[in-house]
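S.K.: Sequence and predicted model, in that order:
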Amino acid sequence: MSPAQTLVDLLAGRCEPGELPPRAWEGVIGVARAEAMLATLAHRLEGASLPPSVAALFADQRAAAKVATAQALWEAEMARRALASECIEFVLLKGAAYAAAGLSCSAGRQIGDLDILVLAADIRRAENELLEAGWEWVKSDPYDDHYYRAHMHELPPMIHKTRDRMIDVHHTILPRTHRITPDALALVSDAVTTEGGFAVLCPADMTAHCAAHMLADGDLQGGLRNLWDFHCLTRDFAAADAGFWGRLDARAELHGLRAAVRRAARLARDLYGSALPPGWDEQVGGDAWYRRRLLARDDWGRPTDRWLEQVFYIRSHWLRMPTMMLARHLWTKWRRRRHHFAG
């Protein structure tokens, strides 16, 4: 069994951790680290019978994840204070949103950038307020700056000059040139407020965005983690709301994300054992390529299928922009990389 499959089985509860030999743990830890899921696994197996070295590592990971979550929420508070003077409201996205809402998938989840969603009409004012509050541009290249502003769903990435924390300011959840156009106004309008006062997407939108981030806006890099998020979100929301799956289907249809959500549900079923409602449990042949892509790592966490990785990389760009625009973009990137190494 591959180390990635063993990791998935441990998370899904299909594998008894006490029965794994030490050599198998090395592979599982390597894959979990590569997928940014080491602390997630540590939380999932808290209290389990583990080798002493693994137990010590997992204890460190749980402690570090607790600090990282506090830092992420503090950064969200800093963004709220920076935008408050102009009364600019925003919705937390991804990891910070999961943490702010206290969702189970946030346990041990690695939170990198702070992702926020503002109305498109507020994007310039938000940019100015963040710059005044100490954030600055990560990329100064004119081509990258134009590409973000003209074609992407967010401003160029910014980093705070003293806290060294990045923020991504979105005005929608998929690039402007993407073949799918979610309803950004509906995302913001139907957001809900957490106990801490932060706005997050409503359950159905949050789940649909998770599927979009994994399947419609990327090459499945870090896909096991994103799929775990989807599995936990659907499990927990469905347990709290008997009509959740119907609401998810309707919102996915509204945002043009029904195919992505349905595929994410099938993959979550196949890998993590998600329970799906009637009508969602069909078998689709193309899913095998996605499962293969998600599990293609060796004992060191390195990708083992470079050809398939490249195919999904090209697919992610093909989804994001029309063919001629994609060709120009890749040509420009290749020329700049070639010039950089030649210099």
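M.R.: In hand now; what should we look at?
S.K.: Return the distance of stretch 110-125 from the chain's centre.
M.R.: 15 Å (C-alpha atoms, centre = their mean, to the nearest Å).
S.K.: Just the CA atoms of it, as CSV, please.
M.R.: Output of stretch 110-125 as CSV, limited to C-alpha atoms (Å, rounded to 0.1, in the frame of the first residue of the first chain):
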residue,chain,number,x,y,z
GLN,A,110,-2.2,24.8,8.2
ILE,A,111,-3.3,28.4,7.5
GLY,A,112,-1.0,30.3,5.2
ASP,A,113,-2.3,33.5,3.7
LEU,A,114,-5.2,35.4,5.0
ASP,A,115,-7.9,35.3,2.3
ILE,A,116,-10.7,37.8,2.4
LEU,A,117,-13.6,38.6,0.0
VAL,A,118,-14.8,42.1,-0.6
LEU,A,119,-17.3,43.5,-3.0
ALA,A,120,-15.8,44.5,-6.3
ALA,A,121,-16.9,48.1,-5.8
ASP,A,122,-14.8,48.2,-2.6
ILE,A,123,-11.6,46.6,-4.0
ARG,A,124,-9.7,49.9,-4.6
ARG,A,125,-10.6,51.4,-1.3
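S.K.: Report the buried residues of it.
M.R.: Buried residues in stretch 110-125, counting neighbours by 16 or more other C-beta atoms under 10 Å, are found at 110-111, 113-119, 122-123. For the C-beta atoms, the positions are set from N, CA and C on the backbone; glycine is no exception.
S.K.: Please produce a markdown table containing those residues, extended by distance to residue 32, secondary structure and pLDDT.
M.R.: Formatted as a markdown table, the buried residues of stretch 110-125 follow (distance: C-beta to C-beta, whole Å; DSSP: H, G, I helix; E, B strand; the rest coil; pLDDT from 0 to 100):
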| residue | distance to residue 32 | secondary structure | pLDDT |
| --- | --- | --- | --- |
| 110 | 11 | coil | 88 |
| 111 | 16 | coil | 90 |
| 113 | 21 | coil | 91 |
| 114 | 24 | strand | 97 |
| 115 | 23 | strand | 97 |
| 116 | 28 | strand | 98 |
| 117 | 29 | strand | 98 |
| 118 | 34 | coil | 97 |
| 119 | 38 | coil | 96 |
| 122 | 39 | helix | 96 |
| 123 | 37 | helix | 95 |
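S.K.: from these, which is closest to residue 313?
M.R.: residue 113 (20.6 Å; C-beta to C-beta).
S.K.: for the closest residue to the closest one other than its chain neighbours, what are its contacts?
M.R.: Nearest non-adjacent residue to residue 113, counting by C-beta to C-beta, 6 or more residues apart in numbering: residue 166, 4.3 Å away. Shown in contact with residue 166 (C-beta atoms under 8 Å, 6 or more residues apart in numbering): 112-114, 138, 157-160.
S.K.: same thing but 6 Å
M.R.: Residues in contact with residue 166, defined by C-beta atoms under 6 Å, 6 or more residues apart in numbering, are 113, 157, 159.
S.K.: What strand or helix carries the residue nearest the centre of the chain?
M.R.: Nearest to the mean C-alpha position of the chain, counting by C-alpha atoms, centre = their mean, stands residue 226 at 5.2 Å. Per DSSP states H and E: residue 226 is located in helix 223-240.
S.K.: which strands and helices sit next to that helix?
M.R.: If contacts are counted by 3 or more C-beta pairs under 6 Å, 6 or more residues apart in numbering; DSSP states H and E, helix 223-240 sits against helix 203-215, helix 258-272.
S.K.: Kindly export the shortest one (C-alpha atoms) in CSV.
M.R.: Listed next in CSV are the C-alpha coordinates belonging to helix 203-215 (Å, rounded to 0.1, in the frame of the first residue of the first chain):
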residue,chain,number,x,y,z
PRO,A,203,-22.5,26.6,4.7
ALA,A,204,-23.5,25.7,1.2
ASP,A,205,-21.3,28.5,-0.4
MET,A,206,-18.4,27.6,1.9
THR,A,207,-18.5,24.0,0.7
ALA,A,208,-19.0,24.9,-2.9
HIS,A,209,-16.0,27.3,-2.7
CYS,A,210,-13.9,24.5,-1.2
ALA,A,211,-14.7,22.3,-4.2
ALA,A,212,-14.0,25.1,-6.6
HIS,A,213,-10.6,25.8,-5.0
MET,A,214,-9.6,22.2,-5.3
LEU,A,215,-11.0,21.2,-8.7
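S.K.: contacting residues around it?
M.R.: 173, 187, 223, 226, 229-230, 233, 237, 247-248, 251-252, 255, 257, 260-261, 263-264.
S.K.: Repeat the analysis, applying 8 Å as the threshold.
M.R.: Contacts for helix 203-215 (C-beta under 8 Å, 6+ apart): 93-94, 97, 173-174, 180, 182, 186-187, 190-192, 200-201, 220, 223, 226-227, 229-230, 233-234, 237, 241, 244, 247-248, 250-252, 255, 257, 260-261, 263-265, 290.
S.K.: How about the longest one?
M.R.: The contact list for helix 258-272 (C-beta under 8 Å, 6+ apart) reads 8, 11-12, 180, 207-208, 210-212, 214-216, 224, 227-228, 230-231, 234, 248-249, 252, 274-276, 280-284, 287, 290-291, 294-295.
S.K.: same question, stretch 112-128
M.R.: 72, 75-76, 79, 83, 86, 88-97, 155, 157, 165-173, 184-185, 187-188, 201.
S.K.: Quick check: which ranges of this structure have low pLDDT?
M.R.: 321-343 (pLDDT under 70).
S.K.: Can you find which helix in it contains the most residues?
M.R.: With DSSP state H setting the assignment, residue counts place helix 52-84 as the longest helix in the chain.
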